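[1] build the 3D model from these lines:
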Amino acid sequence: MDVTQILDPLNPAQRLAVGSPTPTLLVLAGAGSGKTRVLVHRIAWLIRAEGIPPQRILAVTFTNKAAHEMRGRIEALLTIPTRDLWVGTFHGLAHRFLRRHAREAGLADTFQILDADDQHRVVRRLIKGLGLDETRWPARQAQWYINAQKEEGRRVRHLSEPHDPFERQMLQIYQAYEEICDRSSLVDFAELLLRAYELLRDTPELLGFYQQKFQHILVDEFQDTNRIQYLWLRLLSQDRENLFAVGDDDQSIYSWRGAMVENLQHFQRDYPSHTLVRLEQNYRSTGHILAAANALITHNQNRLGKNLWTELETGEALSLYNAFNEQDEAYFVVNRIQSWSRDGHARRDAAILYRSNAQSRQFEEKLVAMGIPYRVYGGLRFFERAEIKDALAYLRLVANPQDDASFERIINTPVRGIGAKTLDILRGLARTERCSLWHAMATLCADEAIPTRARKPLLQFKLLMEDLADSTSGLELWEQTQRTVQKSGLIEHYRKEPYEQAAQRIENLEELTSAARQFEHEPTLDAELPVLDQFLAHAALESGESQSEATDDCVQLMTLHAAKGLEFKLVFMVGLEEGLFPSLQSLEDTVRLEEERRLCYVGITRARQKLYLTYAESRRIYGKETYPRPSRFLREIPPEHLDEVRLRGSTTPSAIMPDSTMKQSASKQALRIGQRVRHVKFGEGVILQSEGEGTQARVQVNFAGAGVKWLMLAYANLQAVA
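    Just a heads-up that it's a prediction; the model follows:
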């Protein structure tokens with residue numbers, strides 16, 4: 001049998017994995033090492049070299065896109081149709097299995113699948129039916145609780161009565177939800193896997209049939225499997241030990257979704273006769289980039305261990321830029337991208353990666369200002385995000401109570417118990433009287449003809465908005481924004497969502513205050529118009545500028561989580577500061593900190609040719625001014641792989657002459673090298689050197705209490721000390 005086209009394109013490690021006579025393999029596939037090629041060629045090897053019928057092979061991926069790509073590449077390699085192959089996602093394959101065995105699984109033949117939105121609506125109706133206050137028992141949180149229990153393989157009957165009142169109520173909601181789904185033959189995504197697993201576990205004849213049917217089981221992204229997925233794979237393969245798992249413990253970054261990096265350890269325990277193959281040759285990145293990634297990840301404990309290498313050129317060292325603040329950071333990044341584009345490079349080959357969604361705002365504004373098209377990958381632009389639109393709607397209604405669109409958006413956000421019937425009455429009155437919804441509400445609040453139960457929440461909303469208007473009048477824009485976000489209840493509302501989603505929404509709301517503070521200092525402000533009105537117009541125009549399509553030549557903006565699986569010639573990893581990346585929540589938690597380090601490793605290995613790392617001396621984010629320390633991850637990269645980027649400038653003892661537009665020190669004295677100066681935050685220090693010109697001029701100051709700091713002269717407001 002000629003297998004040259006299967007083996008010849010492979011390197012020695014890939015060939016070892018593809019042609020292994022041992023059916024049970026754990027393939028540690030490093031970033032950019034060709035794991036998809038190994039999976040495809042392994043399936044081709046089984047069919048062509050070992051004569052395994054396609055219908056005897058089960059291949060599991062995590063996305064429909066990956067499954068489609070795998071099928072296409074197998075067809076191209078073997079020139080045979082793949083319709084008999086069981087290739088798909090965990091959920092897709094479980095659905096296929098349950099359709100064949102619906103009755104044995106206790107389902108109607110016509111059972112329906114609930115997507116996430118459908119499930120949310122069912123849970124929400126259930127909560128209302130139980131007479132619960134949705135402000136205390138939000139449907140999103142109950143939905144998250146139900147799915148988390150199912151992903152751990154736990155039914156209501158497996159859970160003992162909790163002592164905690166919250167847990168007890170959640171358990172009751174879970175039980176009522178189970179009853180509704182069973183009665184209506186509804187199956188959510190988590191149920192697909194759990195129901196399929198339970199059917200196989202509890203039906204020995206059926207399990208035996210599928211264990212015989214699938215002679216080989218292959219699974220991609222094994223480090224991202226959760227508990228029920230691992231149990232499902234283990235059940236199908238336990239007697240034959242025929243599991244071919246491809247994964248990378250160094251790229252396990254989804255624990256908040258239930259992924260368990262420990263499953264790689266469990267594999268080694270549960271399959272003692274397995275063969276371990278490491279794919280370490282990287283085809284993506286240059287030598288400096290890989291050396292930095294290798295050095296960083298060695299600081300994690302309990303790794304299975306591997307060391308990426310490449311036959312590509314050594315390339316440039318990683319560039320490290322110490323910005324004065326977040327605006328300086330954004331200017332630097334966007335200017336470098338502009339230079340890259342002018343040199344003839346495609347903008348789509350450049351990416352800005354950040355830890356938190358809230359960081360995107362500064363880069364979006366600078367890209368818009370410089371006319372550079374961009375796309376927020378896998379997400380919305382800052383002013384388009386739901387929580388930001390909610391907060392802006394509150395501000396708009398404060399500025400103009402006749403704004404019906406804003407009124408409609410926030411009348412029940414957060415939920416206030418204002419029913420659909422009351423809203424219909426409100427809209428009808430507004431139409432009849434030809435007045436605004438606000439005026440109609442004021443009329444209804446004074447009308448004792450409607451029930452107190454309906455009138456009371458309307459009155460509470462009216463009082464809230466009047467209080468916001470009174471308490472924010474005369475305040476600076478950022479204070480108006482901050483107080484509105486706090487008093488509106490939006491933070492408490494979004495805090496009830498699943499952890500990672502809640503954290504992102506709250507960070508975005510807090511970042512809106514930073515946006516307002518920055519906007520107040522815009523030189524284009526019209527002194528004749530209220531600042532709030534101008535800010536709201538600015539936000540509307542920003543969100544109205546549609547972002548580029550996926551096919552356009554545009555800069556890519558995304559979180560580090562969203563970047564997994566992607567690669568770019570030019571990458572900027574921004575905000576490498578303690579408390580931001582690694583995140584504040586991980587600083588005292590070793591397990592979380594190691595996942596943050598893996599996330600940094602993923603970010604580094606997205607870069608093919610050039611990687612910039614940036615951090616700021618000071619950062620206003622989430623509405624707060626911070627003076628963070630550089631991220632520990634920067635210290636974990638050997639200095640020979642880092643090149644500090646400094647602006648050109650003089651370091652001679654001559655006077656430092658700021659641009660005329662800069663804020664001058666109170667003493668009006670020219671600053672010079674060796675001059676003693678005072679900073680409002682850091683105290684007294686001595687100027688060591690300077691660099692840059694105009695608005696980019698910076699000085700390095702050695703402060704007695706805070707150490708050496710680089711400060712942007714335009715903003716530092718240094719005062720000369722005689």
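
[2] quick check, residue 514 in a helix?
    Yes: under DSSP: H, G, I helix; E, B strand; the rest coil, residue 514 falls within a helix.

[3] neighbours of it, how many?
    Residue 514 sits with 23 neighbouring residues when counted by other C-beta atoms under 10 Å. The C-beta positions use only the backbone N, C-alpha and C, and glycine is treated the same way.

[4] again with the one 3 residues further on
    When neighbours are defined as other C-beta under 10 Å, residue 517 has 18 of them.

[5] what's the average pLDDT for the host helix or strand of it?
    Using DSSP states H and E, residue 517 maps to helix 499-519. Averaging pLDDT along helix 499-519 yields 85.

[6] kindly report the same for stretch 475-482.
    Mean pLDDT, computed over stretch 475-482, is 91.

[7] in that stretch, what's buried?
    Across stretch 475-482, burial judged by 16 or more other C-beta atoms under 10 Å covers 477-478, 480-482.

[8] what distance separates it from the centre of its chain?
    How far stretch 475-482 lies from its chain's middle: 28 Å, per C-alpha atoms, centre = their mean, to the nearest Å.

[9] residues in contact with that stretch?
    Contact with stretch 475-482 is made by 391, 395, 398, 472, 483, 512-517, 519-520, 531-532, 535, 623, as judged by C-beta atoms under 8 Å, 6 or more residues apart in numbering.

[10] what of stretch 7-26?
    For stretch 7-26, contacts defined as C-beta under 8 Å, 6+ apart pick out 3, 6, 27, 34, 37-38, 41-42, 45, 49, 216, 222, 237, 240-245, 247, 264, 267-268, 271, 273-281.

[11] ok, of these, which come out buried?
    Looks like the contacts of stretch 7-26 have 6, 27, 34, 37-38, 41-42, 45, 216, 222, 237, 242-245, 247, 264, 267, 271, 274-275, 277-281 buried, using 16+ other C-beta under 10 Å.

[12] pull the distance from stretch 248-258 to the chain's centre.
    Averaging C-alpha positions (C-alpha atoms, centre = their mean) puts stretch 248-258 13 Å from its chain's average.

[13] send over that stretch as PDB, restricted to the C-alpha atoms.
    Taking Å, rounded to 0.1, in the frame of the first residue of the first chain, the C-alpha atoms of stretch 248-258 are listed here in PDB:
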ATOM      1  CA  ASP A 248      -1.600  21.300  24.600                       C
ATOM      2  CA  ASP A 249      -1.600  21.900  28.400                       C
ATOM      3  CA  ASP A 250       0.200  25.200  27.800                       C
ATOM      4  CA  GLN A 251      -2.800  26.500  25.800                       C
ATOM      5  CA  SER A 252      -5.500  25.600  28.300                       C
ATOM      6  CA  ILE A 253      -7.200  29.000  28.900                       C
ATOM      7  CA  TYR A 254     -10.900  28.200  29.300                       C
ATOM      8  CA  SER A 255     -11.400  27.000  32.800                       C
ATOM      9  CA  TRP A 256     -14.200  29.600  33.200                       C
ATOM     10  CA  ARG A 257     -16.100  27.600  30.600                       C
ATOM     11  CA  GLY A 258     -15.600  24.400  32.500                       C
END
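
[14] just the pLDDT for residue 595.
    Note on residue 595: pLDDT of 96.

[15] wait, what's in contact with it?
    By C-beta under 8 Å, 6+ apart, the contact set of residue 595 is 252-253, 255, 586.

[16] same check on residue 684?
    By C-beta under 8 Å, 6+ apart, the contact set of residue 684 is 676-678, 703-704, 721.

[17] which one of the residues you listed sits in the busiest neighbourhood?
    In terms of neighbours by other C-beta under 10 Å, those top out with residue 677 at 24 neighbours.

[18] distance of that one from residue 684?
    Applying C-beta to C-beta, to the nearest Å, the value for residue 677 to residue 684 is 7 Å.

[19] any shared contact partners between those two?
    By C-beta under 8 Å, 6+ apart, residue 677 and residue 684 have these common neighbours: residue 721.

[20] quick one: stretch 426-441 to chain centroid distance?
    Centroid displacement of stretch 426-441 relative to its chain, using C-alpha atoms, centre = their mean, is 41 Å.

[21] typo on my end, it should be stretch 598-611
    The answer for stretch 598-611 is 16 Å, by C-alpha atoms, centre = their mean.

[22] buried residues in that stretch?
    598-611.

[23] can you list phi and psi of the residue nearest to residue 513 when sequence neighbours are not counted for me?
    Using C-beta to C-beta, 6 or more residues apart in numbering and skipping the chain neighbours, the partner closest in space to residue 513 is residue 623 (3.3 Å). For residue 623, the backbone dihedrals (degrees, to the nearest 10) come out as phi 80, psi 10.

[24] what about residue 623, how many neighbours?
    Using other C-beta under 10 Å, residue 623 is surrounded by 21 other residues.

[25] one more: residue 393?
    The burial count for residue 393: 21, using other C-beta under 10 Å.

[26] so residue 704 sits against residue 685, correct?
    Yes: between residue 704 and residue 685 there is a contact at 6.3 Å, judged by C-beta atoms under 8 Å.

[27] re earlier: which parts of the helix holding residue 517 are buried?
    So for helix 499-519, counting by 16+ other C-beta under 10 Å, buried means 502-519.

[28] next: stretch 299-314.
    Going by neighbour count (16+ other C-beta under 10 Å), the buried part of stretch 299-314 is 300, 303-304, 306, 308, 310, 312.

[29] how long is stretch 597-614 end to end?
    End-to-end span of stretch 597-614 (C-alpha to C-alpha, to the nearest Å): 16 Å.

[30] which residues of the stretch 501-650 of the chain fall in strands?
    Along the stretch 501-650 of the chain, the segments classed as strands by DSSP state E, counting those that start in this stretch run 555-559, 568-573, 607-616, 619-621, 624-626, 642-645.

[31] make a markdown table from those and add mean pLDDT and distance to residue 717 to it.
    Listed next are those as a markdown table, based on pLDDT from 0 to 100; distance: least, C-beta to C-beta, whole Å:
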| stretch | mean pLDDT | distance to residue 717 |
| --- | --- | --- |
| strand 555-559 | 95 | 32 |
| strand 568-573 | 98 | 29 |
| strand 607-616 | 97 | 17 |
| strand 619-621 | 84 | 15 |
| strand 624-626 | 81 | 13 |
| strand 642-645 | 93 | 25 |
